[in-house]
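Q: Following is a predicted model, sequence given first.
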Amino acid sequence: MRVLIVDSSIQIIDRLVDILSDAGNITEIHRALSCEEARRLLKENKHEAVLLDIDMPDNESFRLLKEIKKNGREICVVILSSRIDKYVQEECKSLGADFLFDKFYDFEKIRLVIDSVGQLPPETLQKKNNGPLWTENDKENLVRLINDKTEELIKVFERITDAFVAFDTQWNYTYVNKKASEIIGLKPEELIGKNLWEESPGKKEYAFYKKFHEAMDEQKTIQVEGYYPPLQMSFNAILYPSPEGLSVYLQDTSAKKKAETSLNESLEKYRQIVETAQEGIWMIDENNKTEFVNQKMCDILEYSAAEMMGKENFYFMDTEGKKQASKSIGRRRKGIVENMDLRYITKTGKQIWANISANPIFNEKGKYKGALAMVSDITEKVKLQRQLVDEQMNKQKEIAKAVINALEKERAEIGKELHDNINQMLTASNLFLSHSLSQDNYKQFILKSKEITCDAIEEIRKLSKELVGPSKMESKGLITSVIDLIDDISMVKNIKINFYYSTFKEGEQNIDLKVVIYRIIQEQLNNILKHSEASEAEIELKKRGNGLLLLIKDNGKGFDTAVKRNGIGLKNIEHRAEIYNGNVEIISSPGNGCKMEISFKQAKAH
């Protein structure tokens, strides 16, 4: 079906084309801005319907209507007018117009008529001069259909969740749907006939006031969004003007605006957090080029954000750093989150170390789009760690040196003991044996030699026990071995030693740790006997958490812990404790005895 639209306004024609876009069976829509152009198009084409503006210049519209009805009564002519008075109605009826509608308000009726024409069978449309295409009965049925459709449309307006209002040219309410009534807070009957601006004082400063007038003055559709103070709400409004008034579609956007405000506030907080973060934030794209850096990241590398944007992360690294970073990027592409230390070169050429916590970024399709990293400058930390390692190495060297010296001293003492004591005893025994060979009464000399030999054996046993420790530790246990050690000391030294071990469990510790604890106790008791002049000592071994606590204290003369000491006894104790993650703390001062506290965090050696 072909339709011809005749109107001097391009805007009206465009609006009618939009309305008819979904009308049934329309194949072509022709446009004419003058009656002369309409005559040409009617001559060249066969039209089934014509929409004719009756207000065309020079009263040509009535003449064109007469020509159309004279030459082809099968054409449905719909007259459009902005003024439907008695004269227009009678003139259009006399000239055979099929319908007369308001060109600004009756768009739905126009669409329904054209849609009905499009649904007529072809044989009906081909009738010529065989009577009117539209009988009065047909028109009454169609008007009834249009009224029904209009009623349906009103019901739709009442059901929609957005507001819809209409005003006449004096800004008086002519229609208010249910939603608009709820928003305004008044019933429709309380608003119809009331003036919009009288109901909303202080109107001129409102953005909506200006846009409403602009739409009416320029007769153009306008969309406006903003806050309306009288209702304390935000709206998105579409204004549809006509010479008869203004129709307004209102969508309540208060919740949306509130959400946007909240989102903007959240974004601002996020921006502040990002910009004031104590860690650098660095984002790169899938090509390893910088997309974002915060101020802290700029401070770390001594570049501005503008200088870093678009540069690859490799740009800020030395050769070794580039190799590590390249491998790391490969892991990011596989979705691996990683924490690592990398070396960078700052703008001024300084080498710095940074800890990088890197996370890959993928889009909704799972494609790698880059990575986000949290960056901390750990240069000072690395320096301190290296310094600590150097100090630990030096300490290990000192301990090793002390151990060697101790071994040498121990060998010297063993040699002295063997030479000055046991060797002399064995020499005496040998003399008695040799003398007995030349004596008739030799028995007493042999017995004397035997006695001296037994004493030598006992001395060797004592020396071996001091050197080797409890040879049956595994079977006897640590507690029994320490008690034996205390008993041996008590036999020869005038000192009282108390030993407490109620919470210690033999079976929970391995033999190596127990030997270390025994050696520490042996070493410290030896220090007490040699240096402290103490009359009492106390040993306590107990469980603490997942580890052990060893306490050894005495009531001796004490010493100043701040004064450097040349002895190796305490160094040996510290070295033995470190093997099992032990920490040694010594509390002492002149005249106040000494307290040694050794805590073992775990039972496994380094």
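A: Great, that's in hand. Numbers count the residues shown, from 1 in each chain.

Q: Which of the three states applies to Ser502?
A: Here Ser502 is recorded as coil under DSSP: H, G, I helix; E, B strand; the rest coil.

Q: Keeping just the C-alphas, turn stretch 351-358 into CSV.
A: The C-alpha atoms that make up stretch 351-358 are tabulated as CSV, following Å, rounded to 0.1, in the frame of the first residue of the first chain:
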residue,chain,number,x,y,z
GLN,A,351,68.7,1.3,41.4
ILE,A,352,65.8,0.4,43.7
TRP,A,353,64.1,-2.8,44.9
ALA,A,354,60.3,-3.1,44.9
ASN,A,355,58.0,-5.8,46.1
ILE,A,356,55.3,-6.4,43.5
SER,A,357,51.9,-8.0,44.2
ALA,A,358,50.6,-8.6,40.7
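
Q: so how far is that stretch from its chain's centroid?
A: Put simply, stretch 351-358 sits 20 Å off its chain's centre (Cα atoms, centre = their mean, to the nearest Å).

Q: swap in stretch 275-287?
A: 13 Å.

Q: buried stuff in it?
A: By neighbour count on 16 or more other Cβ atoms under 10 Å, the buried set for stretch 275-287 is 279-282, 284-286. All C-beta atoms are positioned from the backbone trio N, CA, C, and that covers glycine.

Q: what's the first-to-last distance across it?
A: Across stretch 275-287, the terminal residues are separated by 25 Å (Cα to Cα, to the nearest Å).

Q: if I look at the spatially closest residue to Gln219 that is not a sequence neighbour, how far off is Asp217?
A: Nearest non-adjacent residue to Gln219, counting by Cβ to Cβ, 6 or more residues apart in numbering: Pro241, 5.1 Å away. Distance, Pro241 to Asp217, by Cβ to Cβ, to the nearest Å: 9 Å.

Q: Also Ser481?
A: From Ser481 across to Asp217, the span is 109 Å (Cβ to Cβ).

Q: between the two, which one's more packed in?
A: Set side by side, Ser481 and Asp217 show more neighbours around Ser481, with 21 against 9, by other Cβ atoms under 10 Å.

Q: tell me which element that one is part of?
A: helix 478-492 (DSSP states H and E).

Q: So which elements touch that helix?
A: Contacts defined by 3 or more Cβ pairs under 8 Å, 6 or more residues apart in numbering; DSSP states H and E place helix 478-492 against strand 496-500, helix 511-527, strand 536-544.

Q: Need the CA coordinates for it. PDB is fine.
A: Extracted C-alpha coordinates of helix 478-492, given in PDB (Å, rounded to 0.1, in the frame of the first residue of the first chain):
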ATOM      1  CA  LEU A 478      67.700 -36.300  79.800                       C
ATOM      2  CA  ILE A 479      66.200 -35.900  83.300                       C
ATOM      3  CA  THR A 480      68.200 -38.800  84.800                       C
ATOM      4  CA  SER A 481      71.400 -37.700  83.100                       C
ATOM      5  CA  VAL A 482      71.100 -34.100  84.500                       C
ATOM      6  CA  ILE A 483      70.400 -35.600  88.000                       C
ATOM      7  CA  ASP A 484      73.500 -37.700  87.800                       C
ATOM      8  CA  LEU A 485      75.500 -34.600  86.700                       C
ATOM      9  CA  ILE A 486      74.200 -32.600  89.700                       C
ATOM     10  CA  ASP A 487      75.000 -35.600  92.100                       C
ATOM     11  CA  ASP A 488      78.600 -35.700  90.700                       C
ATOM     12  CA  ILE A 489      79.100 -32.000  91.300                       C
ATOM     13  CA  SER A 490      77.500 -32.100  94.800                       C
ATOM     14  CA  MET A 491      80.000 -34.800  95.800                       C
ATOM     15  CA  VAL A 492      83.000 -32.600  95.200                       C
END
